[in-house]
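Student: Quick one, what's the 3D model for this:
(one chain, ligands or ions: 1)
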Amino acid sequence: MSQGQGNLVHVVKNRAEVVKKLADLIAEVSVKKISTSGVFNIGVSGGSLVGFLKEGLPKINTDFSKWRVFFCDERVVPEDSPDSTYGQYKELATTLKLKENQFVTIKQGISAEEAAEDYGRQMARHFPEVEWPEFDMLLLGMGPDGHTCSLFPGHKLLEEKTKWVAPITDSPKPPPSRVTMTFPVINNALYCVFAACGKEKADMVKRILVDKEDLPATRVLPSGTLVWILDEEAGKHKL
Ligand SMILES: O=C(O)[C@H](O)[C@@H](O)[C@H](O)[C@H](O)COP(=O)(O)O
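Tutor: Here you go, the predicted model:
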């Protein structure tokens, strides 16, 4: 495990250990935060992270009833669509006994632009009178092109400096219409945590963590703590 300026990179043996390391970190941070403030504000992503959490979260001890779950990004599709990230979390919500009102979800049946504005207003109701919301933890994925959330390489959204949540309608990763947290929000979090497995991620992980290439995931440098949890295949380039 190497430590940057408060950045932690854990390379563990395999996927099962990634799941456990991620779950243990979430347990530690959530228990501490709930003990001090009575609520744990977490942002989740889609993709392989959903599977990691489905395996890991049912095994941890934390008061899930005190969790408030936001989406780092969400696809602008009906909740019952297989493309809906919230839809992918519903099964886990049942397992963890998370109530529907513990999720802050995007409004249905409106455009990406309207959904982004509405989501920003919803967020502001949970984080009143602040310039930027301070999430306790954001769980992020890293795409094969180095994207994270729905912030893609070369996209103008990478430069968004005022909106909390922005729309995208030309996502190179289908579906095209999404809403996404912006970097000022992401980088204001107390913890940003990436979890990635598999050899297909190794080169991109190297470009981000070793070469420090200017890619969306490289721009995740929270004022809090940045944690990468990788299996040996994804972290094989001597991090
Ligand atoms: O909804 C989404 O598409 C995700 O939020 C996206 O940002 C994901 O985290 C990455 O694409 C990594 O996905 P994998 O972990 O499945 O490669």
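Student: Output the contacting helices and strands for the strand or helix carrying Ala27.
Tutor: Here Ala27, judged by DSSP states H and E, is contained in helix 15-37. Helix 15-37 makes packing contacts with strand 7-12, strand 40-44, helix 48-56, strand 137-140, strand 191-196, strand 225-231 when contacts are defined by 3 or more Cβ pairs under 8 Å, 6 or more residues apart in numbering; DSSP states H and E. Every C-beta, even on glycine, is put in place using the N, C-alpha and C of the backbone.
Student: and with 10 Å instead?
Tutor: strand 7-12, strand 40-44, helix 48-56, strand 67-71, strand 137-140, strand 191-196, strand 225-231 (3 or more Cβ pairs under 10 Å, 6 or more residues apart in numbering; DSSP states H and E).
Student: pLDDT (mean, whole number) over it?
Tutor: For helix 15-37, the mean per-residue pLDDT is 98.
Student: Can you name the residues of the chain that neighbour the ligand?
Tutor: 45-49, 73, 85, 141-143, 147-149, 173 (Cβ under 6 Å from any ligand atom).
Student: Now the buried members of those residues.
Tutor: 45-49, 73, 85, 141-143, 147-149 (16 or more other Cβ atoms under 10 Å).
Student: Could you identify the pair within the residues you listed that is furthest apart?
Tutor: The largest separation in those, counting by Cβ to Cβ, is between Thr85 and Met142 at 15.8 Å.
Student: who are the neighbours in contact with the residue nearest to Leu151 when sequence neighbours are not counted?
Tutor: If the residues on either side of it in the chain are set aside, Leu151 comes closest to Pro216, at 4.3 Å by Cβ to Cβ, 6 or more residues apart in numbering. Residues in contact with Pro216 (Cβ atoms under 10 Å, 6 or more residues apart in numbering) are 140, 142-143, 145-155, 157-158, 183, 186, 208.
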